[in-house]
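Enquirer: Got a sequence here, can you model it:
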Amino acid sequence: MNKNQNTGGRRSAQQNLKLKNKRGQTLIVKAGTDYYELLGVSRSADTKELKKAYRSLARKYHPDVNKEPGAEDKFKEISNAYEVLSDDQKKAIYDQYGEAGLKGGMGGGYGGAGMGDFTNPFDLFESFFGGGGGMGGMGGMGGRSSAQSRNRPTQGDDERFDLEIDFLEAVFGCEKELDVMRLEDCDTCSGSGVKAGTRPSTCGTCGGQGQVIATVRTPLGNFQQVTTCQACGGNGQTSTPCPKCGGDGRVRKSKRISLRVPAGVDSGSRLRVRSEGNAGRKGGPPGDLYVFIAVREDPDLKRFESINISTTVTIPYTKAILGTTVKVRTVDGTVDLKIPTGVQPGATLLMAKRGVPKLGNPNVRGDQYVKVKVTIPNKISNEEKALVEELDKNQK
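Expert: Numbers count the residues shown, from 1 in each chain. Reported below is the predicted structural model:
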């Protein structure tokens, strides 16, 4: 590879390039993923360094081990990067043209070679670690065949349920009965997906391997391409599907579930009910049920800062001057509130411990804040006017 080619390889993963194909046409190759950066190796890394980097990252991001969002996508990207950089011919194309060269971005010069078709990342993982349990303390994940991996039990998806409750139910908690639609094991085939009275048979196309190998002739030589068997979908077996579930092994049913809503929830709160989600495949564990809470507004009581409540009382100006006692609605019921003499319009009075219990710690409660609104009449009688004028004289 000459100097110009090396320069192009360094730039291909960082910016767009204008290159010419064999017909002299100018092509734009857009920036793609930097496989070297993804594996954390230099461009001069040898086979040993590549294997070491892949081994470490594949273990870290394998979805059987890493349950964080995005881990599986990261695992696939790492597998693709290793597959390209560990293959001298693919690596040469990538170094010169970047990811676009592998995907046929060079005007068909390499696109027909299947360079952009990656091996199933789980198959690559298994072939890399071999049958001797290369994952060590992780239970020998690397020893399973491709078909076994696809037939392994998988956890069911989580299910969502939206629940609307009243204001006071959110404050003090409540019991609710939920009718949840979810996937459950098919009782006709016991979750196998196979028609009763029949048995799965080894796929005649792939011989039970779940994948087929095709030899592709390219300008750079012959390549072997591993693809998922289309006849069995990668399972390594063919069967007559259960007529009830269509071969999925699961059917959608409604189940009534009792839910205890804790005190202090608010709109947007999410409650998790373990193992009440969709059934898993092939006998895998079920997912969880997530209940999302929405709280109906109260006409008088307004909630703020999670545990505090605000409300308003209206009194005439004479009561503001003289002071009074008023009935105030709280979450605990109606309570007497003493209005002090000379209270000012807009003043806020505190009713301690009349707020919302703290979620997760119901012994802690917020407060209720009462805003005083003073009404002044637009019209008064002659008698009232005289009294006010007399009061006004005494103020001077």
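Enquirer: what are the ranges of the helices in the stretch 201-350 of the chain?
Expert: 317-322 (DSSP state H, counting those that start in this stretch).
Enquirer: The stretch 51-200 of the chain: strands as residue ranges?
Expert: Remark: strands assigned in the stretch 51-200 of the chain by DSSP state E, counting those that start in this stretch are 159-165, 174-185.
Enquirer: Now render those as CSV, adding mean neighbour count and distance to D73.
Expert: All C-beta spots, glycine's among them, are computed from the backbone N, C-alpha and C. Converted to CSV, the strands of the stretch 51-200 of the chain look like this (neighbours: other CB atoms under 10 Å; distance: least, CB to CB, whole Å):
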stretch, mean neighbour count, distance to D73
strand 159-165, 15, 22
strand 174-185, 15, 24
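Enquirer: Any regions of this protein where pLDDT drops low?
Expert: 1-32, 100-101, 103-150, 218, 220, 396 (pLDDT under 70).
Enquirer: Which parts of it belong to which domain?
Expert: Using automatic domain parsing, the domain parsing of the chain gives 3-144, 145-191+246-297, 201-238, 302-395.
Enquirer: in terms of contact, does A81 touch L39 like I think?
Expert: Yes - shown here, A81 and L39 form a contact pair, counting by CB atoms under 8 Å, at 5.3 Å.
Enquirer: Save the strands of the stretch 51-200 of the chain as TSV, and put in distance to Q211 too.
Expert: TSV is the format used below for the strands of the stretch 51-200 of the chain (distance: least, CB to CB, whole Å):
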stretch	distance to Q211
strand 159-165	33
strand 174-185	28
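Enquirer: I'd assumed R59 was in contact with V65.
Expert: Yes - here V65 reaches R59: they are 7.0 Å apart, a contact under CB under 8 Å.
Enquirer: More neighbours: the two, which one.
Expert: Using other CB atoms under 10 Å, the more surrounded residue of V65 and R59 is R59, with 19 against 15.
Enquirer: Give me the distance between that one and A53.
Expert: 11 Å (CB to CB, to the nearest Å).
Enquirer: do C232 as well
Expert: Counting by CB to CB, the gap from C232 to A53 is 34 Å.
Enquirer: These two: who's more crowded?
Expert: Neighbour tally, C232 and A53, criterion other CB under 10 Å: the higher count belongs to C232, 24 against 20.
Enquirer: Angles on the backbone of the more buried one, please.
Expert: phi -120, psi 0 (degrees, to the nearest 10).
Enquirer: what's the spacing between it and A71?
Expert: 28 Å.
Enquirer: what's the answer for K195, then?
Expert: The spacing between K195 and A71, counted by CB to CB, is 36 Å.
Enquirer: what's around the residue lying closest to A352 once chain neighbours are set aside, how many residues?
Expert: Computed as CB to CB, 6 or more residues apart in numbering, the closest residue to A352 that is not its neighbour in sequence is D367, at 5.3 Å. If you count neighbours by other CB under 10 Å, D367 ends up with 17.
Enquirer: circling back: which one's more surrounded, A81 and L39?
Expert: Per other CB under 10 Å, whichever of A81 and L39 has more neighbours is A81, with 24 against 21.
Enquirer: Which of the strands of the stretch 51-200 of the chain sits closest to G346?
Expert: strand 159-165 (32.8 Å; CB to CB).
Enquirer: center of this structure - which residue?
Expert: In the chain, the residue lying closest to the centroid (CA atoms, centre = their mean) is P69, at 6.4 Å.
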